[in-house]
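Peer 1: sequence below, structure please.
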Amino acid sequence: MAEEYAESLLQKDSYFEGCPGCKVDQQKELQRGVPIKQVFIIWIIVLSTALAISSLFPFLYFMIRGFHIAKREEDIGYYAGFVGSSYMLGRALTSTLWGTFSDRYGRKPVIIIGSATVAVFNTLFGFSVNFWMAISSRFLLGCLNGLLGPIKAYACETVREEYQSLALSAVSTAWGTGLIIGPALGGYLAQPAEKFPGIFASDSLFGRFPYLLPCLIISVFAAIVTIYCFWIPESLHTHNSEKVPTRGSYDALEVATQWSDGKETNTTSKKSLVKNWPLMSSIIVYCIFSLHDMAYSEIFSLWAESPKRLGGLSYTTEDVGTILAVSGVGLLIFQSLLYPVVERIMGPIMLSRILGIISVPLLTSYHFIAMLSGVALFVALNCVSLLKNVFSISIVTGLFILQNRAVDQDQRGAANGIAMTWMSLAKAIGPASAGILFSWAEKRQNASFLPGDLMVFFVLNVIEVVAVLLTFRPFLVDSQYLI
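Peer 2: Below is the predicted model of the structure:
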């Protein structure tokens, strides 16, 4: 009898007619097996944004050189850093606003606007004819694309609780895949008139704008995703909060029995996010790892394409594209098949900690790998690049999980907005500081202490060590152990 009553309450009192969030919750209750469709939708949306963020890295060195703004070859990295960071600076200024907007008006509008922004401003970046146009288009792309915070909330809200780690893994997998496949596209398709003269004439549109082709292909993909997003379900609850809130499980009954203390419950759910230490500690650690990852992405392409006399590999954009494509395939396989299993066994904090520690000797090996040549160089560089990117995205996924555990649904968009604001600020600092560091390091090839790229990888390791140390208690706290 008690079971029948519980089932009746769940079915009748916890769902509200006309509420899109309740409709999604009902669909989750009927869901059986792995939610492949929902995870794939999330993956595609994030991928369309991530591709645009990093596709410029393989050709940015040559783009800056073509603008003729750098007086010396060693100064190219300095200017490249500012172009690389302009997107993240724009996103840092507006992420909290987009998160708050998504909590009030829904996740779906923010997702549509973000995807449409990629289609427009990434194309404009491909048409850049000078340094300032490149910076402006990237900055506006960052300001108007507030998708990443709300999409993490959306990922948690559209699948059952036992599949939330898989959905968040899809966010970070798509993000990581985009950050690798994007540069691969940029590397293969930039300067098509030089690489494919039989197809693209030097006086054609793609000959006059050598970096338009990869940007245009990504923009077309983003436009298709934008159109598709009009048919995805909204996951935000819009019903009157004075009634019993929706839960995706029998937790609704627990809430119902406590609803007589409604004011207390409401006060708890509306508590200040800044005072939520499990949330804020995970955001701080997330920001430091993000700064490191963005600095690494900037430095890797600059280092690979710089001359051997300056400690680089003298790679072309196509060579860099190949390395990153291999990493992208390996990352996709690991995050899709292995990460959810490993995370369940070890937990997000322990996994992030171990991978961060292993990353230190891995980064140190880059200087010595540059001494190799031929097949040995190709194999070694592919191996370390694959491992580094898998480690980085796995760490970020674990921190995604901690952040979403720390807040209720009605604050999830704002919480992810705060995370995106600070992460974007960290990622804006990353490329700019990495470009300055790389340019300075190239001028000190004969220094007695950590000459050339040794200094670059040493600084990256220092940042990684700081982030790893902050994963220990009492600094980093998982909210599930506070209940």
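Peer 1: how about the contacts made by Met371?
Peer 2: Not one residue lies near Met371 by CB atoms under 8 Å, 6 or more residues apart in numbering. Every residue, glycine included, has its C-beta placed from N, CA and C.
Peer 1: any low-confidence regions in this protein?
Peer 2: Regions of the chain meeting the criterion pLDDT under 70 cover residues 1-14, 239-271, 409-410, 412-413, 479-483.
Peer 1: for Ile463, see how far away the residue nearest in space to the middle of it is.
Peer 2: Here the mean C-alpha position of the chain is nearest to the C-alpha of Trp175 (CA atoms, centre = their mean), at a distance of 4.4 Å. Using CB to CB, to the nearest Å, Trp175 is found at 20 Å from Ile463.
Peer 1: now Cys143
Peer 2: 26 Å.
Peer 1: please apply the same query to Thr316.
Peer 2: Counting by CB to CB, the gap from Thr316 to Ile463 is 29 Å.
Peer 1: let me see the ranges of the helices in the stretch 351-483 of the chain.
Peer 2: For the stretch 351-483 of the chain, the helices defined by DSSP state H, counting those that start in this stretch occupy 374-405, 409-442, 453-469.
Peer 1: out of the ones you listed, which is the most enclosed?
Peer 2: Mean neighbour count (mean count of other CB atoms under 10 Å) peaks for helix 409-442 among the helices of the stretch 351-483 of the chain, with a mean of 24.
Peer 1: report all helices and strands that that one contacts.
Peer 2: Contacts defined by 3 or more CB pairs under 8 Å, 6 or more residues apart in numbering; DSSP states H and E place helix 409-442 against helix 76-105, helix 148-157, helix 277-305, helix 374-405, helix 453-469.
Peer 1: same for the second one, what does it pack against?
Peer 2: So that's helix 148-157. Counting by 3+ CB pairs under 8 Å, 6+ apart, helix 148-157 packs on helix 36-54, helix 76-105, helix 107-126, helix 164-189, helix 374-405, helix 409-442.
Peer 1: let me have those in TSV, adding distance to His68 as columns.
Peer 2: Below are the helices and strands packed on helix 148-157 laid out as TSV (distance: least, CB to CB, whole Å):
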stretch	distance to His68
helix 36-54	25
helix 76-105	11
helix 107-126	18
helix 164-189	21
helix 374-405	31
helix 409-442	17
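Peer 1: Leu470: which of those is closest?
Peer 2: helix 374-405 (10.9 Å; CB to CB).
Peer 1: which strands or helices does the closest one pack on?
Peer 2: Here helix 374-405 touches helix 148-157, helix 164-189, helix 277-305, helix 317-333, helix 339-346, helix 348-369, helix 409-442, going by 3+ CB pairs under 8 Å, 6+ apart.
Peer 1: closest to Ile113 out of the ones you listed?
Peer 2: Ile113 lies closest, by CB to CB, to one member of the helices and strands packed on helix 374-405: helix 148-157, at 10.2 Å.
Peer 1: ok and the closest one relative to helix 164-189, angle-wise?
Peer 2: For helix 148-157 against helix 164-189, the angle between stretch directions is 140 degrees (axes from the mean of the first three to the mean of the last three CA atoms, to 10 degrees).
Peer 1: how many neighbours does Arg32 have?
Peer 2: For Arg32, the neighbour count with other CB atoms under 10 Å is 6.
Peer 1: select, out of the helices of the stretch 351-483 of the chain, the one closest to Ser137.
Peer 2: helix 409-442 (15.6 Å).
Peer 1: Leu355: which of the helices and strands packed on helix 409-442 is closest?
Peer 2: Within the helices and strands packed on helix 409-442, the stretch nearest Leu355 is helix 374-405; the backing value is 4.2 Å (CB to CB).
Peer 1: I'd say Leu144 and Val118 touch.
Peer 2: No - using CB atoms under 8 Å as the test, Leu144 is too far from Val118 to be in contact (9.2 Å).
Peer 1: more crowded one of the two?
Peer 2: Applying other CB under 10 Å to Leu144 and Val118 shows that Val118 carries more neighbours, namely 27 against 19.
Peer 1: contact partners for the more buried one?
Peer 2: By CB under 8 Å, 6+ apart, the neighbours of Val118 are Ser48, Thr49, Ala52, Leu141, Asn145, Ile218, Ser219, Ala222.
Peer 1: ok, the residue lying closest to it once chain neighbours are set aside to Ile45 distance?
Peer 2: The spatial neighbour of Val118 that comes closest, neighbours along the chain excluded (CB to CB, 6 or more residues apart in numbering), is Ala222 at 3.9 Å. From Ala222 across to Ile45, the span is 10 Å (CB to CB).
Peer 1: what is in contact with these two at once?
Peer 2: Common contact partners of Ala222 and Ile45 (CB under 8 Å, 6+ apart): Ser115.
Peer 1: quick one: classify Ala223 as helix, strand or coil.
Peer 2: At Ala223 the chain is in helix, as set by DSSP: H, G, I helix; E, B strand; the rest coil.
Peer 1: likewise Ser314?
Peer 2: coil.
Peer 1: I figured Pro210 hits Gln191, correct?
Peer 2: Yes - counting by CB under 8 Å, Pro210 does reach Gln191; the two are 4.4 Å apart.
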